[in-house]
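Chemist: I'll drop the sequence and a predicted model, then ask my questions.
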Amino acid sequence: MSVLNKMKFAAAAGVFIMSTTAVYAKDVNIRVQSVLGIKSDEVHMLKSFAKDVHDLTDGSVTIEILPGGSVVGNTDIIDAIDAGLLDGGFAWTHYWGGKHPAANLFGAPIAGAGVGLDNIAFLSWFQYGGGKELYDRLWGEMGVNVKGFMLQPVGPEALGWFPEPINSMDDFRKLRFRAPPGMVGQAYKDIGVASVAMGGGDILPALEKGTIDAAEWCCPKPDSVFGFQKVLKHYYLQGLHQVVVNADMYLNGDVYNSLSNMQKKAIEVAANASLSKSISYRIYENGKALKDLTENHGVQLHDTPADYFPAYMNAANALLQKASDENEFFAEVWQSQKDFAAIAVPFWAGAQASNASLGKAFADSIK
């Protein structure tokens with residue numbers, strides 16, 4: 001190799017080393033407060049995401065997960081991130097519906113946004129139908145210095161747990177019922193159910209004390225982790241309130257902007273992986289949990305009363321329309337979901353109908 005070529009090679013190597021060093025910025029520890037305890041099933045999935053980020057950045061980004069209430073109250077998380085008191089947080093975006101109504105359409109679009117979006121169809125809208133671009137605008141509309149990452153689009157959620165079988169909405173209306181906050185819980189109030197919002201860790205103690213009579217949280221695996229089966233034995237799987245519900249991570253905007261381009265890309269890649277991993281994980285884990293609940297804990301499965309569906313659907317549509325009339329950005333997001341649904345839902349619902357029937361026949365055959 002000539003002297004000139006050696007110089008060119010050395011220069012190129014130097015550029016590579018410098019660019020590699022620039023790509024991997026200084027080590028960063030990001031402290032993220034969850035709204036849940038460390039042992040919750042949602043945090044189990046969050047830890048998997050954090051490990052992916054750590055591995056993809058060759059250890060330069062560590063996400064430290066703090067339990068709910070460790071720094072600020074759970075309802076204060078988004079404000080604490082905005083103010084820089086927390087690096088990040090983990091919750092469901094509909095928790096911030098009081099700051100902006102459109103948060104409900106991203107965290108838990110009530111009754112599938114009224115247009116039949118399940119978690120897979122929602123994910124299609126988010127990734128390919130313009131949803132992510134609207135999601136990125138949400139934080140500015142909300143007026144907070146936050147960068148959000150959608151991680152866990154799970155669902156559908158079970159209607160819930162009851163002390164006795166319910167045969168109609170009249171039976172349901174006699175009970176004090178834990179429901180999610182925001183638009184989802186308001187719809188229950190609007191159809192005459194005494195709904196009460198509370199954190200997941202507070203539900204079992206409230207049931208044991210008789211503060212509430214019945215409850216929903218999510219689905220078999222996380223419900224069983226919280227131990228609802230210790231108090232209630234009647235379980236209803238079919239519900240409309242949260243056909244899809246999304247758990248997200250939020251970073252302070254300055255913390256996010258301090259990361260290198262490679263570190264930002266690693267978080268994005270890990271978040272995209274989490275979207276599919278969480279769906280896959282929950283299907284199998286919910287199946288195992290439901291089997292355990294019915295075979296080993298005396299839990300009885302029931303079909304949801306038929307009059308629940310039109311009652312809840314009518315209330316959901318009224319709330320969606322009211323929010324759309326009152327807020328321009330909400331109307332834009334909802335219209336995007338409706339435009340997407342007009343194209344995708346006829347195919348997706350039609351294609352799933354026969355598979356649902358086949359699955360139900362198989363499930364009945366192994367009872």
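Modeler: Right, received. Where do you want to start?
Chemist: The helix or strand hosting residue 140 - contacts with which helices or strands?
Modeler: In this structure, residue 140 sits in helix 131-142 according to DSSP states H and E. Contacts defined by 3 or more C-beta pairs under 8 Å, 6 or more residues apart in numbering; DSSP states H and E place helix 131-142 against helix 103-107, helix 119-128, strand 146-154, helix 328-365. Any C-beta I mention is one placed from the backbone N, CA and C, and that applies to glycine too.
Chemist: Tell me how far the last one lies from the chain's centre.
Modeler: Mean C-alpha position of helix 328-365 versus that of the full chain (C-alpha atoms, centre = their mean, to the nearest Å) differs by 18 Å.
Chemist: What helices and strands are in contact with it?
Modeler: helix 103-107, helix 119-128, helix 131-142, helix 308-326.
Chemist: what would these look like in JSON lines with mean neighbour count, mean pLDDT and distance to residue 150?
Modeler: Converted to JSON lines, those look like this (neighbours: other C-beta atoms under 10 Å; pLDDT from 0 to 100; distance: least, C-beta to C-beta, whole Å):
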{"stretch": "helix 103-107", "mean neighbour count": "28", "mean pLDDT": "96", "distance to residue 150": "7"}
{"stretch": "helix 119-128", "mean neighbour count": "20", "mean pLDDT": "97", "distance to residue 150": "6"}
{"stretch": "helix 131-142", "mean neighbour count": "17", "mean pLDDT": "98", "distance to residue 150": "7"}
{"stretch": "helix 308-326", "mean neighbour count": "17", "mean pLDDT": "98", "distance to residue 150": "20"}
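Chemist: For those, give me CSV that also has distance to residue 191.
Modeler: Output for those, formatted as CSV (distance: least, C-beta to C-beta, whole Å):
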stretch, distance to residue 191
helix 103-107, 17
helix 119-128, 24
helix 131-142, 28
helix 308-326, 5
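Chemist: coming back round to it: so of the helices and strands packed on helix 131-142, which one's packed in deepest?
Modeler: Most buried of the helices and strands packed on helix 131-142, by mean neighbour count (mean count of other C-beta atoms under 10 Å): helix 103-107, with a mean of 28.
Chemist: just to revisit the earlier point, could the helices and strands packed on helix 131-142 go into JSON lines alongside distance to residue 226?
Modeler: As requested, the helices and strands packed on helix 131-142 are exported to JSON lines (distance: least, C-beta to C-beta, whole Å):
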{"stretch": "helix 103-107", "distance to residue 226": "20"}
{"stretch": "helix 119-128", "distance to residue 226": "21"}
{"stretch": "strand 146-154", "distance to residue 226": "15"}
{"stretch": "helix 328-365", "distance to residue 226": "25"}
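Chemist: how about those, which one is nearest residue 30?
Modeler: strand 146-154 (11.5 Å; C-beta to C-beta).
Chemist: Now do the contacts for residue 106.
Modeler: 93, 94, 131, 135, 138, 150, 246, 248, 333 (C-beta atoms under 8 Å, 6 or more residues apart in numbering).
Chemist: and the nearest residue to the second one once chain neighbours are set aside, what does it touch?
Modeler: Nearest residue to residue 94 in three dimensions, chain neighbours excluded: residue 107, at 3.0 Å (C-beta to C-beta, 6 or more residues apart in numbering). By C-beta under 8 Å, 6+ apart, the contact list for residue 107 reads 92, 93, 94, 95, 96, 97, 182, 245, 246, 248.
Chemist: With residue 207 instead?
Modeler: 213, 215, 228, 231, 232.
Chemist: What is the most widely separated pair among those?
Modeler: 213 and 228 (12.3 Å).
Chemist: So which of those two has more stuff around it?
Modeler: residue 228 (25 against 19; other C-beta atoms under 10 Å).
Chemist: For that one, report the pLDDT, please.
Modeler: With respect to pLDDT, residue 228 scores 98.
Chemist: residue closest to the middle of this structure?
Modeler: By C-alpha atoms, centre = their mean, the chain has its centre lying nearest to residue 246, at 1.8 Å.
Chemist: so which helix or strand takes in the nearest residue to residue 231 once chain neighbours are set aside?
Modeler: Ranked by C-beta to C-beta, 6+ apart and with sequence neighbours excluded, the top spatial neighbour of residue 231 is residue 207, at 4.6 Å. Applying DSSP H and E as the criterion places residue 207 in helix 200-209.
Chemist: From the contact counts, what lies against the helix or strand following that helix?
Modeler: Using DSSP H and E, the helix or strand that follows helix 200-209 in sequence is strand 214-215. Judged by 3+ C-beta pairs under 8 Å, 6+ apart, the packing partners of strand 214-215 are strand 160-162, strand 176-178, helix 200-209.
Chemist: Now for residue 132: which residues touch it?
Modeler: 126, 150.
Chemist: same thing but 7 Å
Modeler: Counting by C-beta atoms under 7 Å, 6 or more residues apart in numbering, residue 132 touches residue 126.
Chemist: picking that back up, so which of the helices and strands packed on helix 328-365 comes closest to residue 275?
Modeler: Closest of the helices and strands packed on helix 328-365 to residue 275 is helix 119-128, at 6.0 Å (criterion: C-beta to C-beta).
Chemist: how far off helix 131-142 does that closest one point, in degrees?
Modeler: 80 degrees (axes from the mean of the first three to the mean of the last three C-alpha atoms, to 10 degrees).
Chemist: Would you mind pulling the contact partners of helix 119-128?
Modeler: Looking at what lies outside helix 119-128 - C-beta under 7 Å, 6+ apart - the contacts are 109, 117, 131-132, 135, 150, 153-155, 244, 275, 279, 337, 340, 344-345, 348.
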